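S.K.: Build the 3D model from these lines:
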Amino acid sequence: MPNWGEIAIRSLGSMAMLFAMTRILGKKQISQLSFFEYILGITLGELAAFISTDIEAHYFHGVVALLIWFLIPFGLEFLMLKSRKLRHWFEGKGRIMIKEGKVLEDNLKKERITADELLEQLRGKSVFNMADVEFAVMETNGDLNVLLKKDKQPLTASHLGIKMVNEVEPQTVIIDGKYIDEPLATLGLSRGWLNTELEKIGVTVENVFLGQVDAYQQVYVDLYDDKLKVPAPQGKALLLATLKKTQADLELFASASQNEDAKRMYERNSRELADVVSQLTPILQS
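M.R.: Numbering: from 1, shown residues only. From the prediction side, this is the model:
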């Protein structure tokens, strides 16, 4: 067999083994790496390249080396799941860089981080004033996580006393101009309903590059023709308007009713619905 043919076969075999090993070892191999995972990734890649191109070396010997570099880390991962001490030994521990607003210079030296590098990492977290930082820790993957002081943290709904509901993941129902039936069924909807919603905004499914439906049954579409404009979803606005109209109707019925029991019932229901509208307004206007 010509050399190029043998190299092609070796490369395909190495690629298949490397792909399988990476899948088994987990997604950490393609995310932020620890020291051990960094060394492992480099070595597996080097071995795969070596057994692909070195036609004078025995192919099986390269496979054995590749398996050893796979099996030992694979076994160590199970041991590290059970042993915190072993996990710290291989992956290291997070180190505090800033505590109670003060930089710990000794820890900076241990991690060999300069003041300029610390400031650069802070800027990467959108922190430009070090006085705003209450606590910062250098994680084992080299990332700096920052906790701002209380008065510097962004306002949230809980700070304002606003109750919010958990957001439900939007379902993608159209991709490349084609229906995706499973997400539609998850929402309890049909193609007929979706076609009706698309007609309301004046588009056909063939013109939609990507379409999603949220928990409020609002349809969001991205069209192939970026010059075309589609109206913003109005599902939340319509629901809020309907609730307000219903509450106003109850007040009208209460004022027009001659029966005292009915009048009190309408007034009570109107107050209860007004409370519901007040709670839902921040959600439906978001």
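S.K.: In contact with Ala254, which residues?
M.R.: For Ala254, the contact set (C-beta atoms under 8 Å, 6 or more residues apart in numbering) comprises Lys263, Tyr266, Glu267, Ser270. No exception for glycine: its C-beta is placed from N, CA and C like everyone else's.
S.K.: 6 Å - rerun?
M.R.: Contact analysis of Ala254 by C-beta atoms under 6 Å, 6 or more residues apart in numbering lists Lys263, Tyr266, Glu267.
S.K.: With Glu139 instead?
M.R.: Shown in contact with Glu139 (C-beta under 6 Å, 6+ apart): Gly94.
S.K.: that older thread, of the contacts of Ala254, keep whichever come out buried.
M.R.: Tyr266, Glu267 (16 or more other C-beta atoms under 10 Å).
S.K.: Which member of the contacts of Ala254 is positioned nearest Phe135?
M.R.: Glu267 (52.7 Å; C-beta to C-beta).
S.K.: Now the residue of the chain most remote from its centre: phi and psi?
M.R.: Distance from the C-alpha centroid of the chain, by C-alpha atoms, centre = their mean, peaks at Gln258 (57.1 Å). As for Gln258, its main-chain torsions (degrees, to the nearest 10) stand at phi -90, psi -20.
S.K.: Over to Ile98?
M.R.: According to degrees, to the nearest 10, Ile98 has phi -130, psi 130.
S.K.: got the contact list for it?
M.R.: Ile98 neighbours (C-beta under 6 Å, 6+ apart): Val133, Ala136.
S.K.: is it in a bridge, and if so with what?
M.R.: Val103, Ala136 (DSSP bridges).
S.K.: how near is it to Asn107?
M.R.: Noted for Ile98: a distance of 9 Å to Asn107, by C-beta to C-beta, to the nearest Å.
S.K.: What of Lys99?
M.R.: Remark: distance between Lys99 and Asn107 (C-beta to C-beta) = 9 Å.
S.K.: now Glu77
M.R.: For Glu77 relative to Asn107 (C-beta to C-beta), the value is 28 Å.
S.K.: With Leu155 instead?
M.R.: Distance, Leu155 to Asn107, by C-beta to C-beta: 32 Å.
S.K.: Of those two, give the one with the bigger neighbour count.
M.R.: Taking neighbours as other C-beta atoms under 10 Å, Leu155 and Asn107 compare with Asn107 leading, 16 against 7.
S.K.: helix/strand/coil for the more buried one?
M.R.: Put simply, Asn107 is helix when judged by DSSP: H, G, I helix; E, B strand; the rest coil.
S.K.: any idea of the pLDDT on it?
M.R.: If you check Asn107, the pLDDT there is 89.
S.K.: Could you find the closest non-adjacent residue to it?
M.R.: Arg95 (5.1 Å; C-beta to C-beta, 6 or more residues apart in numbering).
S.K.: Would you check that the one you found makes contact with Met138?
M.R.: Yes: the pair Arg95 and Met138 qualifies as a contact (C-beta atoms under 6 Å) at a distance of 4.9 Å.
S.K.: any common contacting residues for those two?
M.R.: Listed contacts common to Arg95 and Met138 are Glu111; contacts here mean C-beta under 6 Å, 6+ apart.
S.K.: who has more neighbours, these two?
M.R.: Met138 (23 against 16).
S.K.: who are the neighbours in contact with that one?
M.R.: Counting by C-beta under 6 Å, 6+ apart, Met138 has contacts Arg95, Met97, Glu111, Leu144.
S.K.: Same check on Tyr179?
M.R.: If you count contacts by C-beta under 6 Å, 6+ apart, then Tyr179 has Arg191 around it.
S.K.: For beta bridges, what are the partners of it?
M.R.: Applying DSSP bridges, one finds that Tyr179 bridges with Ile174.
S.K.: So it versus Asp275, what's the distance?
M.R.: Using C-beta to C-beta, we find Tyr179 at a distance of 40 Å from Asp275.
S.K.: Also Leu187?
M.R.: The value you get for Leu187 to Asp275, if C-beta to C-beta is used, is 29 Å.
S.K.: who's more crowded, these two?
M.R.: Neighbour count, other C-beta under 10 Å: between Leu187 and Asp275, Leu187 has more, with 17 against 11.
S.K.: Phi, psi for the more buried one please.
M.R.: Residue torsions, per degrees, to the nearest 10, at Leu187 are phi -80, psi 0.
S.K.: can you check the one 3 residues further on too?
M.R.: Summarising the backbone geometry of Ser190 under the convention degrees, to the nearest 10, its torsions are phi -130, psi 170.
S.K.: Brilliant, that's me finished.
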